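[1] All I have is the shape, not the residue letters:
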Ligand SMILES: Nc1ncnc2c1ncn2[C@@H]1O[C@H](COP(=O)(O)OP(=O)(O)O)[C@@H](O)[C@H]1O
Ligand SMILES: N[C@H](CCC(=O)N[C@@H](CS)C(=O)NCCC(=O)O)C(=O)O
Ligand SMILES: [Mg+2]
């Protein structure tokens, strides 16, 4: 039905020209029009597979879908077939993972750098300010985190104009979809296995996703370093969580693979039930906490009252291994991303020249709004930029005319509001026709992808126990969309086969 060569294009491609073969981004996207019968069959099988294998999210149309597991389920949004991705980019992103792990840890130890870099932002962004206040309190207490666990994700897009892999952002808190990303990889392998001849693809060419196993391994490793057999891993969650199934993949693996117990609590519940023993141990309902795994706490919406801020401070003051610590969390702000892109700043944190060049090579243009000439360029050509506040979770950036108007009003006020934002070069990834499935419906869209590599870093004093990439997340969205993110409702989960 679909000649293999044509079919390779049928799965959507994000692999423009690279050294040693491959094709230019402009040549991509010649999607072989798969016969409707085959697409319908694939969609039906994919929906059945997703329902039977926990590739699910809570359905926002169901009142209790964010409260109780098993209630109001809906399949997670997914691309029907994997994205082809050049091994050159894959290898580059994998090679960068331990470098970014090390960079995040080094920057997190430089409290003055964090406080100074974010000082102006603090004046105009109260959320970031509150985080900085907790960080300042820990500095005053000279609080040391001997055991540090970083679970990160570095997100990239391919810049179609230069065929360069450019970092979109470095996430250091609540890096999610680690569970569902594995599911979509298995879904694609299953579909290809069932239709190998028609699709002309090899199921094993879909890159396996180790995210669940490796996140569980890192959390279990931290729990072991805490060295208290009766302790638990505390998962900090939002009161309404429709992404709970993504989280349960990790916590069930933690129990089944390592026998480690997890408890799920909201920040309000931690404030109400949490206590500090004299030795600094955090207890919840009397249970000692070894590790605090934040799957909430990254957005102002997670702090509706002082109770949640008290909980964050209580956790930070405790001997529990925070994932992330307040310092690690702050390293992931866009302002720090922009500061690290300045000349000679990486040299403060990384020693090896070659490593520094590898990291610097993946930086897109990043500027503070104090840079008048860049602000003027952005006002003239807003479509070439993205304006970013210090926010996480998708849906927060400013684009196009709104970007221009925001900059003009910020400049007119002359207020220091400017420090709440950074400007970033807009990346235009190669687009290709893809089949995308959401709410049981398959659409064919000209789509672009964002490739994330998860990173795991576990250290006890000067002993680095884990410093590795730990799985991947490929997200695909309509090329016409500015914003991204699955939870935010824009992107679809995808997997990768290397070309
Ligand atoms: N420089 C950029 N070029 C193109 N798209 C971008 C850029 N930065 C962000 N985006 C889009 O906006 C989405 C959210 O931006 P991001 O910086 O990842 O913020 P968040 O922390 O909210 O995820 C990304 O997933 C991507 O789709
Ligand atoms: N509900 C929360 C969701 C937390 C969250 O949005 N995390 C951001 C980085 S901060 C992220 O990694 N997004 C990747 C998946 C996407 O595209 O939506 C959770 O389960 O922890
Ligand atoms: Mg993001």
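    On my side now, so go ahead. Bear in mind that the values here come from a model prediction, so they are computed numbers and not experimental data. Ligands and ions are numbered 1, 2, ... in the order given.
[2] show me the residues around the closest residue in space to residue 135 that isn't next to it in sequence that make contact.
    Excluding the flanking residues, the one nearest residue 135 by Cβ to Cβ, 6 or more residues apart in numbering is residue 326, at 4.7 Å. Using the backbone N, CA and C atoms, a C-beta is placed for each residue, glycine as well. Listed by Cβ atoms under 8 Å, 6 or more residues apart in numbering, the contact set of residue 326 reads 131, 134, 135, 138, 312, 316.
[3] hang on, the second one packs against residue 315?
    In other words, residue 134. No. At 9.4 Å, residue 134 does not count as touching residue 315 under the criterion of Cβ atoms under 8 Å.
[4] And those two? Which one has more around it.
    residue 315 (25 against 18; other Cβ atoms under 10 Å).
[5] start to end distance for stretch 297-307?
    12 Å (Cα to Cα, to the nearest Å).
[6] now do stretch 300-320
    So stretch 300-320: terminal residues 23 Å apart, Cα to Cα.
[7] Show me what counts as buried in the strand ranked longest in the chain.
    As assigned by DSSP state E, the longest strand anywhere in the chain is strand 441-460. Neighbour counts over strand 441-460 (16 or more other Cβ atoms under 10 Å) mark 442, 445, 447-460 as buried.
[8] Equivalent analysis for stretch 87-97, please.
    Buried, per 16+ other Cβ under 10 Å, within stretch 87-97: 87, 88, 89, 90, 92, 93, 96, 97.
[9] How about the contacts made by the residue of the stretch 201-350 of the chain found nearest ligand 1?
    As assessed by Cβ to the nearest ligand atom, ligand 1 sits closest to residue 334 within the stretch 201-350 of the chain, at 6.6 Å. Residue 334 is in contact with 169, 388, 389, 390, 422, 424, counting by Cβ under 8 Å, 6+ apart.
[10] Among these, which lie within strands?
    Those of the contacts of residue 334 lying in strands (DSSP E): 169, 388, 389, 422, 424.
[11] from the contacts of residue 326, which ones fall inside helices?
    Secondary structure from DSSP state H places 131, 134, 135, 138, 312, 316 of these in helices.
[12] close enough to count as contact, the third one and residue 328?
    This means residue 135. No. The criterion here is Cβ under 8 Å, and residue 135 misses it with residue 328 at 10.2 Å.
[13] Would you mind naming the helix or strand containing residue 255?
    Using DSSP states H and E, the element containing residue 255 is helix 244-258.
[14] how about that helix, does it get close to ligand 2?
    Yes. Against ligand 2, helix 244-258 shows contacts by Cβ under 6 Å from any ligand atom at 246, 247.
[15] who does that helix touch, helix- and strand-wise?
    strand 56-58, helix 180-194, helix 211-226, strand 232-236, strand 262-265 (3 or more Cβ pairs under 8 Å, 6 or more residues apart in numbering; DSSP states H and E).
[16] Go through the ones in helices among the contacts of residue 326 and say which is closest to residue 492.
    residue 131 (31.2 Å; Cβ to Cβ).
[17] correct me, but that closest one touches residue 330?
    Yes. With contact defined as Cβ under 8 Å, residue 131 counts as touching residue 330 (6.1 Å).
[18] any idea how far residue 421 is from residue 409?
    Residue 409 is 12 Å from residue 421, where distance means Cβ to Cβ, to the nearest Å.
[19] swap in residue 460?
    38 Å.
[20] average pLDDT across stretch 281-292?
    The average pLDDT for stretch 281-292 rounds to 97.
[21] let me redo that: stretch 443-458
    Average pLDDT, stretch 443-458: 96.
[22] Does it reach ligand 2?
    No. Stretch 443-458 is not in contact with ligand 2 by Cβ under 6 Å from any ligand atom; minimum separation 7.3 Å.
[23] Tell me the spacing between the residue in the stretch 301-450 of the chain positioned nearest to ligand 2 and residue 192.
    Evaluated by Cβ to the nearest ligand atom, the stretch 301-450 of the chain has residue 392 as its residue closest to ligand 2, separated by 3.6 Å. Counting by Cβ to Cβ, the gap between residue 392 and residue 192 amounts to 34 Å.
[24] Looking at those two, which is more packed in?
    Set residue 392 next to residue 192 and count neighbours by other Cβ under 10 Å: residue 192 wins out with 23 against 20.
[25] quick one on the thing from earlier: next step: the buried residues of stretch 87-97 restricted to strands.
    Per DSSP E, the buried residues of stretch 87-97 never map to strands.
[26] So which of those residues are in helices?
    Per DSSP H, these map to helices at 87, 88, 89, 90, 92, 93, 96, 97.
[27] give me every residue that touches the closest residue to the third one other than its chain neighbours.
    Okay, so that is residue 89. Nearest non-adjacent residue to residue 89, counting by Cβ to Cβ, 6+ apart: residue 165, 4.8 Å away. The contact partners of residue 165, by Cβ under 8 Å, 6+ apart, come to 89, 92, 93, 156, 157, 158, 159, 362, 451.
[28] what's the closest of the residues you listed to ligand 2?
    residue 451 (12.1 Å).
[29] quick one, what contacts the residue of the chain found nearest ligand 1?
    Nearest to ligand 1, among the residues of the chain, is residue 484, at 2.3 Å (Cβ to the nearest ligand atom). Applying Cβ under 8 Å, 6+ apart, we find residue 484 in contact with 394, 450, 475, 477, 490, 491.
[30] How is it assigned, secondary-structure-wise?
    coil (DSSP: H, G, I helix; E, B strand; the rest coil).
[31] any chance of the ones in helices among the buried residues of stretch 87-97 in JSON lines, plus pLDDT and distance to residue 299?
    Converted to JSON lines, these look like this (pLDDT from 0 to 100; distance: Cβ to Cβ, whole Å):
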{"residue": "87", "pLDDT": "95", "distance to residue 299": "35"}
{"residue": "88", "pLDDT": "97", "distance to residue 299": "35"}
{"residue": "89", "pLDDT": "97", "distance to residue 299": "30"}
{"residue": "90", "pLDDT": "97", "distance to residue 299": "31"}
{"residue": "92", "pLDDT": "98", "distance to residue 299": "30"}
{"residue": "93", "pLDDT": "98", "distance to residue 299": "26"}
{"residue": "96", "pLDDT": "98", "distance to residue 299": "26"}
{"residue": "97", "pLDDT": "98", "distance to residue 299": "25"}
